[in-house]
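Chemist: Pasting the sequence and the predicted model now:
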Amino acid sequence: MSNWTEKKTIICEVELKTRKRVLKKTFDNNNSPTVLFQIDEDYLLVGTADGKLEMWNIEHEKIVLQHDAHENSQQGISSIVELRDPSYCLRGERGDADPEIRYLVTSCFDRPEFKMWKMNVHASQGKPELSFHLQIATSLTGISRILQSTPSQLVCVDPAQTLKFYDFVDRVEQRKKESFEEKVAKF
């Protein structure tokens, strides 16, 4: 869980039967946390109110990466979503997906774009590596939530609850299919 005012991320153990809570660790974030994403049992990704991503090593309670993910954000990161089985149009490469690479999408409450990131969890130095992959500009003023609806489609919701669907289509394959369908129709 996180505490906006105190600029803290807190890891606690909750026993469901007795509702007992035991605080395990507390991280002092550089800015107020807005969204959390657990990478694995060792690392936590924290989106902050100034548009930054902070990667924390849970065991050693220290920040291992800080990335200015959404520059000039005044309200902060609204979503960090991992894509499940993204299409090659989202990955940017044909063929089978590299099992070592995971794809994340981030958005901000007050920025009209979302960004996609590549994350190699099994990087050479033992910590996950995060690198920018692509940015998609939208007509929205900000994005409250983003989710993946299909392997090639993302859905964004703005603060006024307007939905926008973003389809990632292979234009070359689409033209081939249309051309084939036209030839078949002539016969």
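Modeler: It's in.
Chemist: I'd like the distance from the helix ranked longest in the chain to the chain centre, please.
Modeler: For the chain, the helix with the greatest residue count under DSSP state H is helix 171-186. In terms of C-alpha atoms, centre = their mean, to the nearest Å, the centre of helix 171-186 is set 35 Å apart from its chain centre.
Chemist: Identify all contacting residues around it.
Modeler: Among residues not part of helix 171-186, none is counted as a contact by C-beta atoms under 8 Å, 6 or more residues apart in numbering. Where you see a C-beta, it was placed from the backbone N, CA and C, and this is true even at glycine.
Chemist: can you do 10 Å?
Modeler: For helix 171-186, the external contacting residues (C-beta atoms under 10 Å, 6 or more residues apart in numbering) are 88-89, 170.
Chemist: Please produce a ChimeraX select command covering the buried subset of these.
Modeler: Of these, the buried ones go into a single ChimeraX selection, burial set by 16 or more other C-beta atoms under 10 Å:
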select :88,89
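Chemist: Would you mind putting the contacts of helix 171-186 into TSV with pLDDT and distance to residue 119 alongside?
Modeler: Shown next, in TSV, are these (pLDDT from 0 to 100; distance: C-beta to C-beta, whole Å):
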residue	pLDDT	distance to residue 119
88	86	18
89	85	19
170	77	24
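Chemist: Export the contacts of helix 171-186 to a markdown table and append columns for distance to residue 42.
Modeler: Below are the contacts of helix 171-186 laid out as a markdown table (distance: C-beta to C-beta, whole Å):
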| residue | distance to residue 42 |
| --- | --- |
| 88 | 30 |
| 89 | 31 |
| 170 | 36 |
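Chemist: What segments of the chain are helices?
Modeler: Taking DSSP H, the helices of the chain run over residues 88-91, 171-186.
Chemist: Tell me which of these is the most buried.
Modeler: helix 88-91 (a mean of 19; mean count of other C-beta atoms under 10 Å).
Chemist: just checking, what packs against that one?
Modeler: Where contact means 3 or more C-beta pairs under 10 Å, 6 or more residues apart in numbering; DSSP states H and E, helix 88-91 is packed against strand 101-108, strand 113-120, strand 129-137, strand 153-157, helix 171-186.
Chemist: Tabulate the helices of the chain (CSV), appending distance to residue 12.
Modeler: Shown next, in CSV, are the helices of the chain (distance: least, C-beta to C-beta, whole Å):
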stretch, distance to residue 12
helix 88-91, 35
helix 171-186, 49
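Chemist: Okay, now the unreliable bits of the protein?
Modeler: Residues of the chain meeting the criterion pLDDT under 70: 124, 173-174, 180, 187.
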